[in-house]
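**Student:** take this sequence and fold it.
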Amino acid sequence: MKFTTLPNTDIKVSKICLGTMTWGEQNTEAEGHEQIEFALEKGVNFLDTAEMYSIPGKAETQGSTEKIIGTWFKKSGKREDVILTSKVVGPGNSMEHIRDNLGFSKEAITDALHKSLKRLQTDYIDLYQLHWPERNTNFFGKLGYEHDEEEKWEENFQEVLETLNEFVKEGKIRQVGLSNETPYGLSRFLEESRKHDLPKMITIQNPYNLLNRKDEIGLTEILHRENVGLFPYSPLGMGTLSGKHLDGIQENSRLGLFPQYKRYSNEHAVKATIAYAEIAKKYNLNFAQMSLAFVNTRPFVSSNIIGATSIKQLEENIGSIEVKLSEEVLEEINKVHEAYPNPAP
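**Tutor:** I've put the predicted structure just below:
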């Protein structure tokens, strides 16, 4: 395993992070525990979760993933062996089952954090992230920003950081970060942290893969210049970039079970996937590992969030850390990207 240090901290994490959002939906508690143990054996020390998991979000399973991690902590006594992240949800339709007070008010964050700590059976979270912005912006499959003149949101970057700072001082969270955020949002949080000596957002968790490199357009310059790390999620595009859907959506796969997730199935995304698969075949590379290795080796990536529903998948995904891509492979990947830029934002 390879390791990195989270920006502006002394927290050492594996370059592969174990994503957990299927636990409680596609995976049982026993399977979640098995995945943690297997990942630890392979050198992974980093777990990512959220208060709304498992996914897709619904009342019957909300918080189930944190509970599964919590029972593993209690059973194993290995809380100190793991770097743990979780997230607080922003506002959204059909999210009322999570809490009555959605968003990032002091009341909402306080409620969310304490409920997460209880489910996780721990006294602290190493990295606490805002799951998505409160304001209307271009996230979840939308490339272009469209301004909403009717928007009710009022700027509150300083207030949010002040709330988080209280929990940092109390020792309930160690560091703070963002998720599904834009260059504007990250920049504003960084500005307020400097201006008022408040905690810095050290990471941002966004979708990033061969079919979605949109963050290279504006965000990655900020990451480099401000020393902020990227946690890519969906590095395989919900399994698309393993090649398993090239002959049709697999029945028991995530895309088969939840057809509402269509962002990786449009015409241009399919054509790009076929082209990337040909590169893997040409150079005798495992397609999934090639896709992950590309993400692993980007200089702005702190840790790559992988997910799996089986130990076999998990072993293959973790194994991508040992895969090196030649300059020839990278050149061919970039040619495909130029032909089909960001077909699955």
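
**Student:** once you drop chain neighbours, what's closest to the residue nearest the centre of the chain?
**Tutor:** Central residue of the chain (C-alpha atoms, centre = their mean): Y233, 3.7 Å from the mean position. Computed as C-beta to C-beta, 6 or more residues apart in numbering, the closest residue to Y233 that is not its neighbour in sequence is I305, at 4.6 Å. Any C-beta I mention is one placed from the backbone N, CA and C, and that applies to glycine too.

**Student:** and the host helix or strand of that neighbour, what does it pack against?
**Tutor:** I305 is part of strand 304-306 when elements are defined by DSSP states H and E. If you count contacts as 3 or more C-beta pairs under 8 Å, 6 or more residues apart in numbering; DSSP states H and E, strand 304-306 packs onto strand 16-19, strand 229-233, helix 287-296, helix 311-319.

**Student:** in its sheet, what does the shortest one sit against?
**Tutor:** Taking DSSP bridges as the criterion, strand 16-19 sits next to strand 46-48 (parallel), strand 304-306 (parallel) in its sheet.

**Student:** helix or strand right after the first one?
**Tutor:** Read it as strand 46-48. Going down the chain from strand 46-48, the next helix or strand is helix 64-76, by DSSP H and E.

**Student:** so which bits of that next one are buried?
**Tutor:** For helix 64-76, burial by neighbour count (16 or more other C-beta atoms under 10 Å) applies to S64, T65, E66, K67, I68, I69, G70, T71, W72, F73.

**Student:** quick check: angle from the next helix or strand after it to strand 229-233?
**Tutor:** For helix 64-76, the following helix or strand on the C-terminal side (DSSP H and E) is strand 83-88. On the basis of axes from the mean of the first three to the mean of the last three C-alpha atoms, to 10 degrees, strand 83-88 is oriented at 70 degrees to strand 229-233.

**Student:** direction included, what does strand 83-88 pair against?
**Tutor:** Its sheet considered, strand 83-88 pairs with strand 46-48 (parallel), strand 125-130 (parallel) by DSSP bridges.

**Student:** now the helices for the protein?
**Tutor:** Secondary structure of the chain, counting by DSSP state H: helices at 29-41, 64-76, 106-120, 157-170, 183-196, 215-226, 254-257, 267-282, 287-296, 311-319, 327-339.

**Student:** mean pLDDT for these: which is lowest?
**Tutor:** Mean pLDDT per stretch puts helix 254-257 lowest among those, at a mean of 57.

**Student:** give me the nearest residue to A293, chain neighbours excluded.
**Tutor:** V323 (3.9 Å).

**Student:** which residues does that neighbour contact?
**Tutor:** Applying C-beta atoms under 8 Å, 6 or more residues apart in numbering to V323 gives the contacts L285, N286, Q289, M290, L292, A293, N296.

**Student:** just the buried ones from those?
**Tutor:** Buried by 16+ other C-beta under 10 Å: L285, N286, Q289, M290, L292, A293, N296, out of the contacts of V323.

**Student:** with distance to P345 as new columns, can these be given to me in CSV?
**Tutor:** Shown next, in CSV, are the buried ones among the contacts of V323 (distance: C-beta to C-beta, whole Å):
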residue, distance to P345
L285, 26
N286, 26
Q289, 24
M290, 22
L292, 20
A293, 22
N296, 21
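
**Student:** out of these, which one sits closest to D247?
**Tutor:** Comparing the buried ones among the contacts of V323 against D247 with C-beta to C-beta places N286 closest, at 17.4 Å.

**Student:** the closest one reaches N317, doesn't it?
**Tutor:** No. Applying C-beta atoms under 8 Å, one finds N286 not in contact with N317, separated by 10.2 Å.

**Student:** re earlier: among the helices of the chain, which is the most enclosed?
**Tutor:** Ranked by mean neighbour count, the helices of the chain are led by helix 287-296 with a mean of 24 (mean count of other C-beta atoms under 10 Å).
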